[in-house]
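K.L.:
predicted model, plus sequence, below.
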Amino acid sequence: MSWTDERVELLKKMWGEGQSASQIAKELGGVTRNAVIGKVHRLGLSNRSTGGGASSETAKTEAKAKPAAAKPKAEAKPKAKPAAEPAAAPAAAARPAVMPARKAIIPAGQPLPPQPSANEISPEALAKVSEVEKKAKKLSLLELTERTCKWPVGDPATEDFWFCGLPVQAGKPYCEAHVGVAFQPMSSRRDRRR
């Protein structure tokens, strides 16, 4: 399906009349609702004029309901000025005043900042890991299976990056040495926080 001038004019006409994107798609044929919405945005037709169609009836119903709802507010304003201020406060409270700062993205090949968990690992576990890594099979990502240790070693952005590859501990993704580093007992973690 291509957007011919004739089809674009029909789309503009129906959109201006307040027809829904689904109705326009059905009328044009061979095009989806999403394609109509995309074309409307590309043409800059987002602002509708209320004409015919189902959505204009909804707009008329809403227009009738709005003046009735607006009258009590107008009457309440002259009586007490503070009554209007609390209505504005919830909208302001819903929006955060300042956007939270994002963490900086470190480009590949750059050294990572010190990780807090590195200081928490026992020296015995680190010694065991360094011994195991000397015996490691040094597998690539494509060579890993469910039975090989998936502990990454090195920087993934370099050619020296590899995975341990030794047999895994039952029910874990790592070998015994790497399980000792990755999974620490809850009590020892709780003690470090104190």
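P.N.:
Everything's here; your move.

K.L.:
ok, Pro107 - contacts?
P.N.:
Listed by Cβ atoms under 8 Å, 6 or more residues apart in numbering, Pro107 has no contact partners. Any C-beta I mention is one placed from the backbone N, CA and C, and that applies to glycine too.

K.L.:
how far away is it from Arg33?
P.N.:
Distance of Pro107 to Arg33, computed by Cβ to Cβ, to the nearest Å: 41 Å.

K.L.:
same thing with Val8?
P.N.:
17 Å.

K.L.:
try Val179
P.N.:
Taking Cβ to Cβ, one finds Val179 at 52 Å from Arg33.

K.L.:
these two: which is more packed in?
P.N.:
Between Val179 and Arg33, Val179 has the larger neighbour count (other Cβ atoms under 10 Å), namely 18 against 14.

K.L.:
tell me which residues in whichever helix or strand that one is part of are buried?
P.N.:
Assessed by DSSP states H and E, Val179 sits inside helix 176-182. Applying a neighbour-count criterion of 16 or more other Cβ atoms under 10 Å, one finds 177-181 buried in helix 176-182.

K.L.:
and the residues you listed as CSV, adding pLDDT and distance to Ser2?
P.N.:
Formatted as CSV, the buried residues of helix 176-182 follow (pLDDT from 0 to 100; distance: Cβ to Cβ, whole Å):
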residue, pLDDT, distance to Ser2
Ala177, 86, 62
His178, 87, 57
Val179, 85, 60
Gly180, 82, 63
Val181, 82, 60
